[in-house]
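J.: below is the sequence, then the predicted model.
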Amino acid sequence: MAATELVVLLADDGRAIGTAPKATVHHRDTPLHLAFSCYVFDRSWRFLSTRRAWSKPTWPGVLTNSCCGHPSPGESFEAAVRRRLDFELGLTPLALEVVLRDFRYRAVMPDGVVENEVCPVFVALVDRDPVPNPAEVAEAHWSTWDDFVVTARAEPASPWCLQQIDALEGLGGHPADWTQ
């Protein structure tokens with residue numbers, strides 16, 4: 001029997017106040033909870049975008065960053081990012097760094113389901129192509145960062161990704177600048 005995946009619930013000030021099963025958290029009154037986003041680059045600074053699996057309960061089939069997830073209670077962000085990169089994309093990062101420590105967002109899907117997360121943003125460097133898990137990722141694609149930004153702003157993309165693009169661009173023009 002598989003263990004129930006738990007998410008960390010947060011008070012408005014960011015303090016952990018409990019846990020809840022992930023399967024029960026996303027609805028019309030989603031409580032604030034802990035998450036993360038990761039942007040994967042290769043050694044040439046190509047960016048790996050993904051399209052969320054069509055079976056995902058939130059924002060199915062939309063273009064987004066490389067990987068997202070929720071740290072388990074007591075799990076470090078770095079361990080959670082590494083776990084999800086392996087699970088979603090079959091990747092192990094050579095380097096991993098938080099670049100937006102305090103990112104937070106709330107977004108509402110057309111059907112009323114809410115995302116409400118404190119979501120630090122990481123950059124990972126990898127040296128091989130992904131092997132997407134079809135339960136999580138409909139497709140994965142390498143491109144330049146600039147091409148991804150144009151595409152994400154032109155087609156349906158996850159709301160967190162669009163907000164993160166703006167915040168990341170505030171760190172510098174090239175992704176290599178974000179990690180210094």
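T.: On my side now, so go ahead.

J.: now Glu88. Its backbone dihedrals?
T.: The phi/psi pair for Glu88 (degrees, to the nearest 10) reads phi -80, psi -40.

J.: isn't it right up against Val131?
T.: No. Contact between Glu88 and Val131 fails when scored by CB atoms under 8 Å: they sit 9.7 Å apart. Where C-beta positions appear, they are placed from N, C-alpha and C, glycine not excepted.

J.: which one of those two has more residues nearby?
T.: Glu88 (23 against 12; other CB atoms under 10 Å).

J.: which residues does Leu6 bridge with?
T.: Pro21 (DSSP bridges).

J.: in the chain, what helix or strand scores lowest on average pLDDT?
T.: Scoring the helices and strands of the chain by mean pLDDT, DSSP states H and E places helix 22-25 at the bottom, with a mean of 88.

J.: which strands and helices lie in contact with that helix?
T.: Under the contact definition 3 or more CB pairs under 8 Å, 6 or more residues apart in numbering; DSSP states H and E, helix 22-25 sits against strand 6-10.

J.: and for the strand it packs on, what's in contact with it?
T.: 16-22, 25, 31-35, 70-73, 118 (CB atoms under 8 Å, 6 or more residues apart in numbering).

J.: same question for stretch 66-86.
T.: Contacts of stretch 66-86 (CB under 8 Å, 6+ apart): 5-8, 19, 22, 33-40, 47-50, 88-89, 91-93, 96, 98, 119-120, 122, 124, 140, 160.

J.: narrow the residues you listed to those in helices?
T.: Lys22, Glu88, Leu89, Trp160 (DSSP state H).

J.: tell me which of these has the lowest pLDDT.
T.: Lowest pLDDT of the ones in helices among the contacts of stretch 66-86: Lys22, 90.

J.: which residues touch it?
T.: Thr4, Glu5, Leu6, Val7, His70.

J.: ok, back up a step: which of the contacts of strand 6-10 count as buried?
T.: Buried subset of those (neighbour count, 16 or more other CB atoms under 10 Å): Thr19, Lys22, Val25, Pro31, Leu32, His33, Leu34, Ala35, His70, Pro71, Ser72, Val118.
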